[in-house]
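Here is my input, please return the structure:
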Amino acid sequence: MTRRPPVQRRRRRRRPTKRQQRQQAQLLALLAGGAAVLVLVNWLLAHWWVLIVLAGVATVAGAGVLYQRRQQAIWADVRRQALRYELSQIDSLHHREFEFAVRDLMRRDGCADARQIGGAGDNGADVLATDPQGRTWVIQCKHRKNGAQGSPVGTPDLQRVNGTARQLYGADVVLVVTNGRFSTRCAPLARQLRMHLADRTVVAHWAAGSRPLWDLLPNIPPPHRSTPLS
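Next up, the predicted model:
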């Protein structure tokens, strides 16, 4: 009796793992992308004039964007130069808005870097600015809702900003500005500490006029650099 040869079982093909399938899909995508780029390059070489048209369109669009930005900067400068406040407007501001108003007035007068920093941890400074003559200004703003009828700004406010303005910020001009009034003891202390005070009268001339603050205050330190007007 003869034996039948053993039946050979067909080996099952292993299905590719998910990782292999991902790799294959990525490879196919790369090949398809490369083929598309090659087709596009060949088409552009055959139609080179399209590149010239696209370059012209990009140049015109870029010039238009630059012109628009330049016009916006010009109008922003015009608006800054035309900025004016009446005392009634100043009085109606929130104390934080008063800080921003002082910042904007300093920018109007040519302090391009003027910024409001008042808030928690401000170390007594509400506005920092560098004037066109190179002097660093550290300004503390004291707003009074009732203007001159409100409580006067006292010497502790002067001492607070004086203790940090020069050491932390390198101030050339330390200024306390208010839409109200100062106590009688502030002026002598300010002279002793080489500080400057701008009360309601000074603020009225400054905010509603066109003269910069350094033209309205006495004994401002000399400029650090020359200007076209000096």
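
from here on, contacts and neighbour counts on C-alpha atoms
Noted.

Mind jotting down where the strands sit in the protein?
115-116, 127-130, 136-142, 173-178, 196-198 (DSSP state E).

For residue 187, find the nearest of these.
Minimum separation from residue 187 across these (CA to CA) falls at strand 196-198, 7.6 Å.

Pairing partners for that closest one, with directions?
strand 173-178 (parallel) (DSSP bridges).

Quick check, residue 208 in contact with residue 85.
Yes. Using CA atoms under 8 Å as the test, residue 208 is close enough to residue 85 to be in contact (5.1 Å).

got the domain boundaries for the protein?
Taking automatic domain parsing as the criterion, the chain consists of the domains 18-80, 85-215.

tell me the most buried of those?
Greatest average neighbour count among the domains of the chain goes to domain 85-215 (a mean of 18), per mean count of other CA atoms under 10 Å.

measure that domain end to end?
One end of domain 85-215 to the other measures 18 Å (CA to CA, to the nearest Å).

and what of stretch 132-152?
32 Å.

and that stretch, how far from the chain's centre?
On the basis of CA atoms, centre = their mean, to the nearest Å, stretch 132-152 sits 22 Å off its chain's mean C-alpha point.

try stretch 28-42
With CA atoms, centre = their mean, you get 44 Å for stretch 28-42.

Select the helix or strand of the protein having the lowest average pLDDT value.
The helix or strand of the chain with the poorest confidence is helix 49-81; it has a mean of 65 (mean pLDDT, DSSP states H and E).

Can you add distance to residue 162 and give the strands of the chain back as a markdown table?
Below are these laid out as a markdown table (distance: least, CA to CA, whole Å):
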| stretch | distance to residue 162 |
| --- | --- |
| strand 115-116 | 18 |
| strand 127-130 | 14 |
| strand 136-142 | 9 |
| strand 173-178 | 7 |
| strand 196-198 | 10 |
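
Mind checking those for the one nearest to residue 106?
That would be, of the strands of the chain and by CA to CA, strand 127-130, which comes in at 7.3 Å.

Can you tell me what sits against that closest one?
For strand 127-130, contacts defined as CA atoms under 8 Å, 6 or more residues apart in numbering pick out 99, 102-103, 106, 111-118, 136-141.

What strands line up against that strand, and which way round?
As assigned by DSSP bridges, strand 127-130 forms pairs with strand 115-116 (antiparallel), strand 136-142 (antiparallel).

quick one: the helices in the protein?
In the chain, the helices defined using DSSP state H lie at 18-46, 49-81, 87-92, 95-108, 155-169, 186-193, 200-208.

Tell me which of those helices approaches residue 224 most closely.
helix 155-169 (15.9 Å).

and the closest one with helix 186-193, angle?
Interaxial angle of helix 155-169 relative to helix 186-193 (axes from the mean of the first three to the mean of the last three CA atoms, to 10 degrees): 30 degrees.

Could you list every helix and strand that helix 155-169 packs against?
Under the contact criterion of 3 or more CA pairs under 8 Å, 6 or more residues apart in numbering; DSSP states H and E, helix 155-169 touches strand 136-142, strand 173-178, helix 186-193.
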